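A.B. asks: just the structure for this:
(one chain, ligands or ions: 1)
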Amino acid sequence: MDLEGKCALITGGSRGIGKEIAISLAKKGVHVVINYTNNGEAAQETILEIESYNVKALAVKADVTIASEVEKMISIIDENFERIDILVNNAGVTRDNLLVRMKEEDWEKVMDVNLKGVFLCTKAIARKMMRQRYGKIINISSVVGIVGNAGQSNYCASKAGVIGFTKAMAKELAPKGINVNAIAPGFIETDMTTVLSEEVKKNLLGSIPLKKYGKAEDIANTVLFLSSELSSYITGQVISVDGGMAI
Ligand code: NAP
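C.D. replies: A predicted model of the protein is given here:
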C-alpha cells in the first residue's frame, strides 16, 4: 500500500474503532494525530502503541462539537505536522431511547457529536486539503443510518445525515483532488456496544447473514483501502461493513 509518510487525523481515536484505525494506519507508515474528549489515559496508551511503529503520533484533546476547540486542534496540528492527507471522522456517541421518552438534550448531544462534529472537522481540514489539492476524507456512518432502528431515532438521523453530507462533500471537493466516502459499520464489539444486553446482542446476531459480530479491524481495513490509491476512482460512496445486515 502507498501510504508511507502520509499524515492522518482520526477523531475519537483514543478507543474502539478509532484506535484500531489509528494503529492500522501507523502500521502502514502513516503519521497519526488522534483526537479525544475525556479519556486522556486511553489516548496516551494509543499514542504509545502508534509510536511503536516508528511514526509521529500526537493526541489532541478537543470536543468536536465546539468550533473554537476544533480550530485550536488544527493550530496544534499545524505546529507539528506539515499536512493532513487523511481525515477519519470517527468520533461518535449514542443516547438511545424510544422517541416518546427521548429528551431534547439526548437528541442534541447525538446530532452535535455525530453530525455537527463531522461538519466542523471537515470544514477545518478540507481547507488544508484544498491547498494541497489532495485528500481522503472518510466518514464513519452506521448500518442504522441506512436501515433505521427502533430506539435510536437520534443516532439513525445523525448517521443518515453523515451519508448526505458525504455525498455533498464528494461533489464539492472532487475538483480539488479530494475523495470523500463513508463507511457504514454493522455491529462492532467496542465500549459503545458492550452496554447492550445479552438479549439485544443475541437478536442482533440473528439479523447478521454472516452470523458473527464485526471487529474494529474490519472497519480499519476498509479505511486503509479508502485512504490508499487503490480506491482513487471511488468518491461519494457508502461502504457497508456489516456482515450483510443492511441487505
Ligand atoms: P467508542 O468506543 O465509544 O469510542 C468513541 C470515541 O469517540 C472515543 O474516542 C471518544 O473519546 C470519542 N468522542 C466522543 N465524543 C467526542 C467528542 N465530543 N469530541 C471528540 N471525541 C469524542 O465508539 P466506537 O464503537 O469505537 O465507535 C466509533 C464510531 O463508529 C462512532 O462514530 C460510532 O457511531 C460508529 N459506529 C460504531 C458501531 C459499533 O457497533 N461499535 C457501529 C456503527 C457505527 P473519549 O475516549 O475521550 O471519550
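
A.B. asks: ranges for the strands of the chain?
C.D. replies: 7-10, 31-36, 57-61, 86-89, 135-140, 178-185, 238-241 (DSSP state E).

A.B. asks: just put these in JSON lines and tack on mean pLDDT.
C.D. replies: JSON lines is the format used below for these (pLDDT from 0 to 100):
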{"stretch": "strand 7-10", "mean pLDDT": "98"}
{"stretch": "strand 31-36", "mean pLDDT": "98"}
{"stretch": "strand 57-61", "mean pLDDT": "98"}
{"stretch": "strand 86-89", "mean pLDDT": "98"}
{"stretch": "strand 135-140", "mean pLDDT": "98"}
{"stretch": "strand 178-185", "mean pLDDT": "98"}
{"stretch": "strand 238-241", "mean pLDDT": "98"}
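
A.B. asks: out of the ones you listed, the one nearest Asn149 is which?
C.D. replies: Nearest to Asn149 among the strands of the chain is strand 178-185 (12.5 Å), distances taken as C-beta to C-beta. Quick note: C-beta positions are derived from backbone N, CA and C, even for glycine.

A.B. asks: what's the closest one packed up against?
C.D. replies: Where contact means 3 or more C-beta pairs under 8 Å, 6 or more residues apart in numbering; DSSP states H and E, strand 178-185 is packed against helix 117-132, strand 135-140, helix 153-173, helix 216-227, strand 238-241.

A.B. asks: for those, which one sits closest to Met102?
C.D. replies: Between Met102 and the helices and strands packed on strand 178-185, the shortest separation by C-beta to C-beta is 6.5 Å, and it involves helix 153-173.

A.B. asks: any idea of the mean pLDDT in that closest one?
C.D. replies: Helix 153-173 shows a mean pLDDT of 98.

A.B. asks: do the same with stretch 186-206
C.D. replies: Mean pLDDT, stretch 186-206: 91.

A.B. asks: next up, the contacts around Tyr213.
C.D. replies: 187-189, 201, 204-205, 243 (C-beta atoms under 8 Å, 6 or more residues apart in numbering).

A.B. asks: please redo it, this time with the cut-off set to 7 Å
C.D. replies: Taking C-beta atoms under 7 Å, 6 or more residues apart in numbering, we find Tyr213 in contact with 187-189, 205.

A.B. asks: I am finished for the moment; much appreciated.
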